[in-house]
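K.L.:
just a sequence and a predicted model for now, questions to come.
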Amino acid sequence: MFLTRTEYDRGVNTFSPEGRLFQVEYAIEAIKLGSTAIGVKTKEGVVLAVEKRITSPLLEPSSVEKIMEIDDHIGCAMSGLIADARTLVEHARVETQNHRFSYGEPMTVESTTQALCDLALRFGEGDEESMSRPFGVSLLIAGHDENGPSLYYTDPSGTFWQCTAKAIGSGSEGADSSLQEQFNKDLTLKEAETIALSILKQVMEEKVTPNNVDIAKHFYRQEPLTFGKLLSKCSSLRSPPSANANIPFLVLKDMSPAPVMLASLISSIGWSSLRERV
C-alpha cells in the first residue's frame, strides 16, 4: 500500500511511486514567487537586470542585494530566498579561490556553476545534512573565461543550462516570451541593456525607479596578440624567445565601468605573470 503525498514530501530523499521529489518541486515553485531577474549574453559581454522589492519607504534600497560577485570574472543574479543564495555564493567563492590558489588560474564559469550545483544536490553541508531542505533559490551566473562571455541558469534540483538569454522569478514566463521575440546574436551590450530594462518594466508590478532595479554590465572585449608582439612592447627585455613566438594571448581592454554596477565583473591577464615567464 502506497503512502500518501503528504507522507512522501516529508523528506528530500524520498521518491514517490511516480518518481517525483516533492520537496524539490516545492522549491522550484517557491522561486516563482521571487523577484524577476533577467540575463542577456552578447559578444561583448553579459547584462544582468534584477527587480528589487522595496516593501517599505523606511527600507534602505542599497541593503537589498540581488546581484553578487563570486570572483573577479564571475557574478550572479538571484530569485528566491536571499539567505539560500548567500549560502550558495559563499560556497562558490571558496571553490573559485581554492582553484586559483591550487592551479594559479581563474576557475571557468562552467566549473564554478558545476561546483555550485553539486552543493545544491547535497541540500546542505555538515552534520545537519539529514535535516536540510532544497535551496529555494535560482541563479543566473554570468562571467567570462577563455571561451568568451557565458550565462548559466541553475535551479534547486542541481540542474544547470547554458543560455543566451533567460528570465527567472515571478515574471519569468512573460519575460522569457519577450526575450524570444527580441533577442538575436548580433545584439550589442547597449542594446541588450535596453531590452532587459524594457522587459523588466513590462513584468514588474511597480514603476521602475533607480531604487528598485539593479543592473550589472559585464564587459568583454579582446584583441588577439602573439607572444612576440607582447615582448616587443617591453623595452626592458633583451631578446624575445623564438620557441614561444606564436603562442596566442588575449588582452582585455576598454573596460569602462557601467553607470549602475554593484561590483566589477572584469578579469584581465596579469602582466606580472608575463614578466615572470620572460
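P.N.:
Alright, I've got the coordinates.

K.L.:
list the contacts of the closest residue to residue 22 other than its chain neighbours.
P.N.:
With C-beta to C-beta, 6 or more residues apart in numbering as the criterion, residue 22 has its nearest non-adjacent residue at 3.5 Å, and that residue is residue 9. (Each C-beta comes from the backbone N, C-alpha and C, glycine too.) Taking C-beta atoms under 8 Å, 6 or more residues apart in numbering as the criterion, residue 9 is in contact with 22, 23, 26.

K.L.:
just the helices in the stretch 101-250 of the chain please.
P.N.:
Assignment of helices within the stretch 101-250 of the chain using DSSP state H, counting those that start in this stretch yields the ranges 109-122, 172-182, 189-203, 227-232.

K.L.:
and the angle from the third one to helix 172-182?
P.N.:
Relative orientation of helix 189-203 and helix 172-182, computed by axes from the mean of the first three to the mean of the last three C-alpha atoms, to 10 degrees: 140 degrees.

K.L.:
buried ones in helix 189-203?
P.N.:
Counting neighbours by 16 or more other C-beta atoms under 10 Å, one finds that the buried residues in helix 189-203 are 189, 191, 192, 193, 195, 196, 197, 199, 200, 203.

K.L.:
and that helix, what other elements does it pack with?
P.N.:
The helices and strands touching helix 189-203, judged by 3 or more C-beta pairs under 8 Å, 6 or more residues apart in numbering; DSSP states H and E, are strand 37-41, strand 45-51, helix 172-182, strand 213-219.

K.L.:
ok, now with 6 Å
P.N.:
If you count contacts as 3 or more C-beta pairs under 6 Å, 6 or more residues apart in numbering; DSSP states H and E, helix 189-203 packs onto strand 37-41, strand 45-51, helix 172-182.

K.L.:
make a markdown table from those and add distance to residue 86 to it.
P.N.:
Formatted as a markdown table, the helices and strands packed on helix 189-203 follow (distance: least, C-beta to C-beta, whole Å):
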| stretch | distance to residue 86 |
| --- | --- |
| strand 37-41 | 15 |
| strand 45-51 | 15 |
| helix 172-182 | 21 |
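
K.L.:
okay if I get the ones you listed as CSV plus distance to residue 145 and mean neighbour count?
P.N.:
Output for these, formatted as CSV (distance: least, C-beta to C-beta, whole Å; neighbours: other C-beta atoms under 10 Å):
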stretch, distance to residue 145, mean neighbour count
strand 37-41, 13, 29
strand 45-51, 12, 28
helix 172-182, 24, 16
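
K.L.:
out of those, which gets nearest to residue 143?
P.N.:
strand 45-51 (7.5 Å; C-beta to C-beta).

K.L.:
out of the buried residues of helix 189-203, which one sits closest to residue 54?
P.N.:
Closest to residue 54, out of all of these and judged by C-beta to C-beta, is residue 200, at 14.8 Å.

K.L.:
wait, isn't the closest one in contact with residue 47?
P.N.:
No - contact between residue 200 and residue 47 fails when scored by C-beta atoms under 6 Å: they sit 10.8 Å apart.

K.L.:
flag the shaky bits of the chain, pLDDT-wise.
P.N.:
Counting by pLDDT under 70, the ranges of the chain that qualify are 1-7, 10-11, 123-131, 219-278.

K.L.:
for it, which segments count as strands?
P.N.:
Under the criterion DSSP state E, the chain carries strands at the ranges 37-41, 45-51, 67-71, 74-80, 137-145, 148-154, 160-162, 165-168, 213-219, 222-226, 248-252.

K.L.:
please tabulate those in a markdown table, including the columns distance to residue 87.
P.N.:
Listed next are the strands of the chain as a markdown table, based on distance: least, C-beta to C-beta, whole Å:
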| stretch | distance to residue 87 |
| --- | --- |
| strand 37-41 | 18 |
| strand 45-51 | 19 |
| strand 67-71 | 12 |
| strand 74-80 | 11 |
| strand 137-145 | 9 |
| strand 148-154 | 13 |
| strand 160-162 | 17 |
| strand 165-168 | 18 |
| strand 213-219 | 20 |
| strand 222-226 | 34 |
| strand 248-252 | 31 |
